[in-house]
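>>> sequence and predicted structure, then a few things I'm wondering about:
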Amino acid sequence: MAETVKRAEELVEKVMKDNDASHDAWHVFRVRDMALSLAAEEGLSSSPHSLQIVELAALLHDIGDYKYARDPSEGKLIEQFLEQEGIEENMKMTIVDIVKAMGFKEELSGVSDKAYSLEFGVVQDADRLDAIGAIGIARCFTFGGSRNRVLHDPNIKPRLSVTKEDYMDKEKQTTLNHFHEKLLKLKDLMKTQAGRRRAERRHAFMEEFMEQFYLDWDGKA
């Protein structure tokens with residue numbers, strides 16, 4: 001399995017090398033490390049099978065991301081990779097199902113509402129933890145800048161109720177509104193106790209940052 005993990009890392013670096021820094025290989029490696037840490041807190045360390053699922057799902061979770069896909073065939077890379085590595089069918093489908101269901105847009109469409117495994121929970125929580133706190137703030141502004149998005153416009157109000165279609169329509173967002181429309185909601189969407197504990201501090205940091213941002217924007221601080 002160690003060789004499979006190494007090749008998965010190499011695939012991530014190859015496929016994501018042209019992405020901006022908000023969704024690069026470093027993001028994936030942070031998510032993998034966080035997912036394994038959460039898995040340990042949630043008692044999965046005694047199950048090598050579960051840890052293998054967690055690590056591979058975390059490593060592969062952003063391959064074929066619709067925001068960056070340059071070729072429709074990228075959507076098939078995960079299954080192709082797992083088949084080439086000889087991953088048995090049940091594990092392969094578990095990993096694929098985790099990747100397909102873990103996005104925020106899937107939560108909006110109800111895909112993530114169905115019963116979920118602990119392996120799914122720790123991988124999704126790890127990805128969401130990387131979207132909040134100091135790292136999350138840096139990633140949000142990096143992505144917004146890469147798309148020439150408006151930093152903030154007081155006349156464009158955040159959409160507090162967002163459908164999957166709304167969320168995917170990035171033209172209607174400002175960078176600051178993305179905090180209201182997604183990032184500040186993630187703390188309450190964590191699936192594991194370990195994820196919820198870690199989200200508290202990161203969420204509080206974002207709230208403090210946004211309070212200061214609005215003061216600075218208005219010239220009050």
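Alright, I've got the coordinates.
>>> against which helices or strands is the helix or strand containing residue 93 packed?
In this assignment (DSSP states H and E), residue 93 forms part of helix 89-101. The contact analysis (3 or more CB pairs under 8 Å, 6 or more residues apart in numbering; DSSP states H and E) places helix 89-101 against helix 48-60, helix 77-84, helix 118-129. To be clear about C-beta, it is placed using only N, CA and C from the backbone, and glycine gets the same treatment.
>>> buried set for the second one?
Residues of helix 77-84 classed as buried: 77, 78, 79, 81, 82 (neighbour count, 16 or more other CB atoms under 10 Å).
>>> residues contacting residue 54?
35, 36, 39, 44, 119, 122, 123 (CB atoms under 8 Å, 6 or more residues apart in numbering).
>>> repeat that for residue 99.
Applying CB under 8 Å, 6+ apart, we find residue 99 in contact with 57, 60, 61, 63, 78.
>>> enumerate every residue touching the first one.
When you say that, I think you mean residue 57. Taking CB under 8 Å, 6+ apart as the test, what residue 57 contacts is 35, 94, 95, 98, 99, 119, 120, 123.
>>> look up the closest residue to it, ignoring the ones flanking it.
residue 98 (4.3 Å; CB to CB, 6 or more residues apart in numbering).
>>> residues near that neighbour, how many?
By other CB atoms under 10 Å, 24 other residues sit near residue 98.
>>> and the gap between it and residue 35?
Per CB to CB, to the nearest Å, residue 98 is found 10 Å from residue 35.
>>> next one: residue 121
Counting by CB to CB - residue 121 and residue 35 are separated by 10 Å.
>>> who has more neighbours out of these two?
Using other CB under 10 Å, the more surrounded residue of residue 121 and residue 35 is residue 35, with 29 against 23.
>>> residue 122 is in contact with that one, correct?
Yes: the criterion here is CB atoms under 8 Å, and residue 35 meets it with residue 122 at 5.1 Å.
>>> helix or strand right after the helix or strand bottoming out on mean pLDDT in the chain?
Ranking every helix and strand in the chain by mean pLDDT, DSSP states H and E puts helix 164-168 at the bottom, with a mean of 61. Per DSSP H and E, the first helix or strand lying C-terminal to helix 164-168 is helix 175-181.
>>> which strands or helices does the helix or strand just after that next one pack on?
Counting by DSSP H and E, the element after helix 175-181 in chain order, helix or strand, is helix 193-217. Helices and strands touching helix 193-217, by 3+ CB pairs under 8 Å, 6+ apart, are helix 25-41, helix 118-129, helix 133-146, helix 175-181.
>>> for residue 209, find the nearest of these.
helix 133-146 (5.8 Å; CB to CB).
>>> from the chain's centroid, how far away is that closest one?
Remark: helix 133-146 is offset 13 Å from the chain centroid, using CA atoms, centre = their mean, to the nearest Å.
>>> same list (the helices and strands packed on helix 193-217) but as CSV, adding mean pLDDT and distance to residue 104.
Listed next are these as CSV, based on pLDDT from 0 to 100; distance: least, CB to CB, whole Å:
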stretch, mean pLDDT, distance to residue 104
helix 25-41, 97, 14
helix 118-129, 97, 8
helix 133-146, 97, 13
helix 175-181, 93, 10
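>>> okay, now residue 5: neighbour count?
15.
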